[in-house]
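I need the structure of the sequence given here:
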Amino acid sequence: QVHLVESGGGVVQPGGSLTLSCAASGFTDFTFSDYAMNWYRQAPGRQREFVAAIGRAGDSTLYGDSVKGRFTISRDNSRNEMYLQMSGLKIEGAGVYYCNAVRGSGGSWGQGTQVTVSS
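The predicted model follows:
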């Protein structure tokens with residue numbers, strides 16, 4: 001079972017920036033580079049929302065419409081880490097951000113890191 005730990009959350013003003021990290025461990029039969037990785041977020045009372053995805057080699061990315069042009073997803077396979085650089089944060093961008101590792105039909109989730117956007 002892949003173990004994922006998010007970090008980097010905090011309080012930021014609207015329009016501000018924040019960078020989240022996701023550290024992965026617990027690999028047995030496969031390595032970090034065998035997993036596609038995603039970021040999701042969940043605001044209170046709302047469903048979990050897709051934010052961004054990155055391919056196994058880091059050369060393909062996909063973004064949710066609400067974050068395109070403002071967020072950048074990246075990964076460092078040598079460190080078993082994934083990142084989400086967020087800029088131009090909006091009030092509606094607040095919530096718990098989760099990282100997700102996917103391989104085939106299986107996946108793992110971290111516990112999440114809280115992002116608060118407030119003036």
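
least trustworthy helix or strand in this protein by mean pLDDT?
One helix or strand of the chain scores below all others by mean pLDDT, DSSP states H and E: strand 106-109, with a mean of 91.

output that one as CSV, nothing but the C-alphas.
C-alpha atoms of strand 106-109 as CSV (Å, rounded to 0.1, in the frame of the first residue of the first chain):
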residue,chain,number,x,y,z
GLY,A,106,-6.0,0.8,-7.8
GLY,A,107,-5.3,4.0,-6.0
SER,A,108,-4.1,5.5,-2.7
TRP,A,109,-5.0,8.7,-0.9
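
and the very next helix or strand once past it, what does it pack against?
Next helix or strand after strand 106-109 toward the C-terminus (DSSP states H and E): strand 113-117. Packing partners of strand 113-117 (3 or more Cβ pairs under 8 Å, 6 or more residues apart in numbering; DSSP states H and E): strand 10-12, strand 18-25, strand 95-103. No exception for glycine: its C-beta is placed from N, CA and C like everyone else's.

residues contacting the nearest residue to Val2 once chain neighbours are set aside?
In space, and not counting its chain neighbours, Val2 is closest to Ser108: 4.1 Å by Cβ to Cβ, 6 or more residues apart in numbering. In this structure, Ser108 makes contact with Gln1, Val2, His3, Leu4, Asn100, Ala101, judged by Cβ atoms under 8 Å, 6 or more residues apart in numbering.

need the contact list for the residue nearest to the spatial centre of the chain.
With distances taken as Cα atoms, centre = their mean, the residue of the chain nearest its centroid is Trp39 (2.9 Å). For Trp39, the contacting residues are Leu20, Cys22, Val51, Ala52, Ala53, Ile73, Met82, Leu84, Tyr97, Tyr98, Cys99, Asn100, by Cβ under 8 Å, 6+ apart.
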